[in-house]
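Structure, please.
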Amino acid sequence: MERRRWDEDERFGGVADGTAMLPVVRRLAEAMREGGWVTEDPDAHLLPHLRAVPGWEVLAERQLGGGVYEVTARPLEPVEGVEAHRAAIRLLSVIAEPSFLVRQSAPRVFDCVTGVMPGDPPGFASHGHLVRLIVTE
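Prediction:
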């Protein structure tokens, strides 16, 4: 039995595989393996930007093991379904660097990797951030 990829999907299959972007994904994974890649002090570098986003309230933040910065926030207006997902990405986009990946890992939980790979403009050393956004109602 074939499964729809979205609510109105009638093809049940795409036009290509995703290998065209694998080199970029691999480069990011390699950069993330470098010791010290996760930048220090997210309270200073990330939190002010997240708190300044209109329509959101940051409720809590804490540094977890492995360099993950956990932020709990709530939208000031209720959002559901795909709009909740898009709203979370808009919030996280204020801290986006040249590489930016967001994956919804659980209901209302979004894991984000953002950073600079070697050679990215504007020429800073490779570094990044790991952020877990928890969206409350």
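
ok, what's across the strand from Arg103?
Asp111 (DSSP bridges).

any idea how far Met21 is from the residue most central in space within the chain?
For the chain, the residue nearest the mean C-alpha position is Cys112 (2.5 Å; C-alpha atoms, centre = their mean). Note on Cys112: its distance to Met21, by C-beta to C-beta, to the nearest Å, is 18 Å. Where you see a C-beta, it was placed from the backbone N, CA and C, and this is true even at glycine.

what does Trp37 give?
21 Å.

quick one: which of the two has more around it?
Trp37 (19 against 8; other C-beta atoms under 10 Å).

Quick check: closest non-adjacent residue to the more buried one.
Using C-beta to C-beta, 6 or more residues apart in numbering and skipping residues adjacent in sequence, the residue nearest Trp37 is Gly128, 5.7 Å away.

My guess is that neighbour contacts Glu40. True?
No - counting by C-beta atoms under 8 Å, Gly128 stays clear of Glu40, with 11.7 Å between them.

the more surrounded of the two?
The residue with more neighbours, out of Gly128 and Glu40 and counting by other C-beta under 10 Å, is Gly128; that gives 22 against 11.

Need the contact partners of the helix or strand the more buried one falls within.
Per DSSP states H and E, Gly128 falls inside strand 127-135. Strand 127-135 has contacts (C-beta atoms under 8 Å, 6 or more residues apart in numbering) with 31-32, 37-39, 42, 45-46, 64, 66-75, 84, 87-88, 91-92, 95, 97, 99, 105, 108-116.
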